[in-house]
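[1] model the following, please.
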Amino acid sequence: MENKIIKVTAAIFVNDGMLLIAKRKPTARLSNMWEFPGGKIEPNETPEACLKRELKEEFDVDVTVGEYLGSNVHKYDFGTIELMAFKAFWKQGDFKLLDHAEIRWVFTHELDQFEFAPADTAFVAQLIAGKMEI
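    The predicted structure follows:
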């Protein structure tokens with residue numbers, strides 16, 4: 001039987017040339033790894049609507065979802081995910097840590113100093129190589 005691919009969104013937040021990364025909680029799956037924030041798409045939800053909802057739930061911020069930047073399929077032991085990245089822009093609200101241990105704004109060249117979740121590493125590599133327009 002073929003594993004169903006879990007569709008997940010990721011926000012590439014850009015602010016003054018810096019990117020937002022979030023550290024997963026010690027109790028979460030892929031604990032203490034860094035990621036571009038986002039989450040699973042629910043039935044009948046568009047990726048853009050998912051990203052807005054997830055960022056509201058995880059940080060209590062309102063965002064504008066911008067351009068689609070690409071996707072990466074990664075097979076974990078718990079299933080296969082397709083991670084879809086979008087540019088995101090903060091509209092309003094103060095970032096609160098409702099679902100993460102920590103967040104940081106970092107420059108692209110600093111991304112390789114963090115241990116990212118495996119599905120996010122393709123985007124990290126593209127960003128560092130200048131192959132993803134941000």
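[2] and the helices in the protein?
    Secondary structure of the chain (DSSP state H): helices at 47-59, 121-128.
[3] may I see the buried residues of the shortest one?
    By neighbour count, and taking 16 or more other Cβ atoms under 10 Å as the criterion, the buried residues in helix 121-128 are 121-124, 126-127. Where you see a C-beta, it was placed from the backbone N, CA and C, and this is true even at glycine.
[4] for it, what is the distance to the chain centroid?
    12 Å (Cα atoms, centre = their mean, to the nearest Å).
[5] mind listing what Gln113 touches?
    Shown in contact with Gln113 (Cβ atoms under 8 Å, 6 or more residues apart in numbering): Val106.
[6] quick check: it vs Arg104, distance?
    Look at Gln113 and Arg104: by Cβ to Cβ, to the nearest Å, they are 10 Å apart.
[7] equivalent analysis for Tyr76, please.
    Tyr76 is 24 Å from Arg104, by Cβ to Cβ.
[8] what's the closest of the helices of the chain to Trp34?
    For those, proximity to Trp34 was assessed by Cβ to Cβ; helix 121-128 is nearest, at 8.9 Å.
[9] contacts for that closest one?
    Against helix 121-128 from outside (Cβ under 8 Å, 6+ apart): 10, 12, 19, 36, 69-70, 72, 74, 83, 85, 108-109, 111-112, 116, 132, 134.
[10] how about a cut-off of 7 Å?
    For helix 121-128, contacts defined as Cβ atoms under 7 Å, 6 or more residues apart in numbering pick out 10, 36, 72, 85, 108-109, 111-112, 116, 132, 134.
[11] out of those, flag the one nearest to Ala49.
    Using Cβ to Cβ, the contacts of helix 121-128 come closest to Ala49 at Ala10, 14.7 Å.
[12] next, the contact list for Ala22, please.
    Listed by Cβ under 7 Å, 6+ apart, the contact partners of Ala22 are 34-35, 37, 100, 103.
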